[in-house]
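Chemist: Here you go, sequence then predicted model.
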Amino acid sequence: MPSSVPTTEVSPAPDPFRTCIVVGLPAAAALAYAFGHLGWYMGTPLGRVPVLDERENMDLAQAIFTGSLPAEPFYRAPGYALLLAGLRFAGVSAGGLFPAALVLGAVLHGMGAALVAALARRWFGNRSAVIAGILFALDPVMVHFATQTLDSTLSLTLFLAGLNGFAAAVAAPQRAGPWAWAGIFWAAATLVRPNFLLVWLVAPLSAAALPGARRPQMVAAALAGVLLFGAAAGWQKSVSGVAGFLPWQGPYNLWAANRPGANGRYYTQHVSLPDVLARSNPARAESVLLYEQETGGAPGDIAAMNAHWRRRFLQEVASHPIRWAALMARKAYALLNNWEQYNNETYAFQKDLSPWLRWNPLGWGMLFVLAVVGAARLGAESPRSAAALGAVCAACAASILLFFVSARFRLPLAAVCAVLAGGALGKLRFARAWPKGRRAALAACAALAGIVSFSSLGGVADRSTFVQDHVLLARAAFTVGDDATALSEATAALGMQPLHPDAQAIAQAASAEIARKAAAP
């Protein structure tokens, strides 16, 4: 942040809308849309049984609730599972935890819409706030991920709460409260999704750039989140004897996302694994197996294994900088493209199944193009806020590009785009007094954003992952006893990949079960 700026910043003057309407209307729209979709989703196989990462979150929550955590460092961030365990402590039964978690996600989506509206109100005024909140509320991608037992919506809500605090701190940098607010919420987001660690650093670094005698106090306030990190490290030490607040899955994922041949868009399995390991967590099993193969080291030595994968990543970057730079360019293109990259599920496949989502044209591309225009408005009306938001977005983008650009990883950027899109639509003629050249430059930037978002180069819109969606749905259907759907989806998967082992197994089991039921008296 520049040191020559004034210490206060005036928010846009409020118009006749009352604050409760400005914030409450988007929240109500978000709840209505999310619960409408959830009503349909909970009747489907995937809405009745947790799968993949959902299953891991549920198992971790149960282990926290029963006090049966394994004596090892956390493989995945425990923040979301801790919240689910809190539902168990509050009286939710083991069988009711999955539907309760789905409902919680819908509620968090409503909170996110309110926070988006509050942020847009601060920067652009009430009209833009309502538009931004509604855009977020009706974004089908947000709704899709909110109605799953995943950590993405909780971490997004915490991120948006911290961003509201950071915006307040930038507007009035001599007040300690907003700095602490930003630091604490972003630290909490990091404990749910470690990708937010770079975002958390933005607050203390921005406070350190402040002029004046109160700078040390502001830095201290921004570092308040360290208390949460310390509590998490103490909890892990009590469980495993090893202090730390970051999960140990990170170093291998860093290598897997940047190794030679990686597409950088989503994790791909490189070795054949036993069925049980492949279905539980293939990345974890693969990291251990490959470490043993490459080093002969003991699989239980997590610190040595993580050091190995970090070293492999650094060696790849240092040895092949051009190849790595090309990979980063492909990742950046995928990050800005309208296609939602595979992550356990392919969004395009799942969207077409939902009567609540399939009709909705909203998505990354539309929001991104509008956000470019809204960013120009913010830069003209509040340069300091624009610079601060740019730092946050750069931290988000860097943390995504270092790993995978899978769909739910960019939800924070999509939320920021909704805020800026509201700013663009709330005052369509804001640039009419600009010089002609400046208006032309803005139009060119918006056009370029549209080209990057809606083009389809280099296999960015990869539909080969649809086979995994068919298999996932088939497995869930078989688990809940819907043998006809299980057979149909497994057959569709085999049509795409005839030798898919899971699809073959499910098709055989479903066929046998259908035959058994038909033969039963």
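Modeler: Everything's here; your move. Residues are numbered from 1 along each chain as shown.
Chemist: What strand or helix carries Val452?
Modeler: Using DSSP states H and E, Val452 sits in helix 436-454.
Chemist: Need the contact partners of whichever helix or strand comes after that helix.
Modeler: Tracing the chain C-terminally past helix 436-454 and defining elements by DSSP H and E, one meets helix 466-479 next. Helix 466-479 is contacted by residues 45-46, 48-49, 51-52, 342, 344-346, 349-350, 483, 485-490, 492-493, 496-497, 500, 502-503, 506-507, 509-510, 513 when judged by Cβ atoms under 8 Å, 6 or more residues apart in numbering. To be clear about C-beta, it is placed using only N, CA and C from the backbone, and glycine gets the same treatment.
Chemist: Show me what the helix or strand following helix 466-479 is packed up against.
Modeler: Beyond helix 466-479 in the direction of the C-terminus, DSSP H and E gives the next helix or strand as helix 483-496. The criterion is 3 or more Cβ pairs under 8 Å, 6 or more residues apart in numbering; DSSP states H and E, and the helices and strands that helix 483-496 contacts are helix 466-479, helix 501-519.
Chemist: Out of those helices, which gets nearest to Thr295?
Modeler: helix 501-519 (28.8 Å; Cβ to Cβ).
Chemist: buried sites along the helix holding Val452?
Modeler: For helix 436-454, burial by neighbour count (16 or more other Cβ atoms under 10 Å) applies to 442, 446, 449-450, 452-454.
Chemist: can you check stretch 224-240 too?
Modeler: Neighbour count says stretch 224-240 has 224-226, 228-229, 232, 235-236, 239-240 buried, by 16+ other Cβ under 10 Å.
Chemist: In TSV, list the buried residues of helix 436-454 along with distance to Asn263 and pLDDT.
Modeler: Converted to TSV, the buried residues of helix 436-454 look like this (distance: Cβ to Cβ, whole Å; pLDDT from 0 to 100):
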residue	distance to Asn263	pLDDT
Leu442	33	95
Ala446	29	96
Ala449	23	97
Gly450	24	97
Val452	18	96
Ser453	19	96
Phe454	20	96
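Chemist: from the chain's centre, how far out does stretch 231-239 sit?
Modeler: Using Cα atoms, centre = their mean, to the nearest Å, the distance from the centre of stretch 231-239 to the centre of the chain it belongs to is 25 Å.
Chemist: What lies in contact with that stretch?
Modeler: For stretch 231-239, contacts defined as Cβ under 8 Å, 6+ apart pick out 69, 71-74, 78, 191, 242-245.
Chemist: Return the distance of the closest residue to Gly426 other than its chain neighbours relative to Gly422.
Modeler: For Gly426, ignoring the flanking residues on the chain, the nearest one in space by Cβ to Cβ, 6 or more residues apart in numbering is Ser128 at 2.8 Å. Counting by Cβ to Cβ, to the nearest Å, the separation of Ser128 from Gly422 is 4 Å.
Chemist: what ranges of the chain fall below the confidence cut-off?
Modeler: The model of the chain has pLDDT under 70 over residues 1-17, 213, 270-280, 297-299.
Chemist: which residues in it form strands?
Modeler: For the chain, strands defined by DSSP state E do not occur.
Chemist: Have a look at it and report its longest helix.
Modeler: helix 97-124 (DSSP state H).
Chemist: Please name every helix or strand in contact with that helix.
Modeler: helix 19-41, helix 53-66, helix 79-89, helix 126-137, helix 140-146, helix 152-171, helix 364-381, helix 411-426.
Chemist: In CSV: these, plus distance to Ala182 and mean neighbour count.
Modeler: Formatted as CSV, the helices and strands packed on helix 97-124 follow (distance: least, Cβ to Cβ, whole Å; neighbours: other Cβ atoms under 10 Å):
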stretch, distance to Ala182, mean neighbour count
helix 19-41, 19, 20
helix 53-66, 26, 18
helix 79-89, 17, 19
helix 126-137, 20, 27
helix 140-146, 22, 25
helix 152-171, 4, 25
helix 364-381, 18, 22
helix 411-426, 14, 26
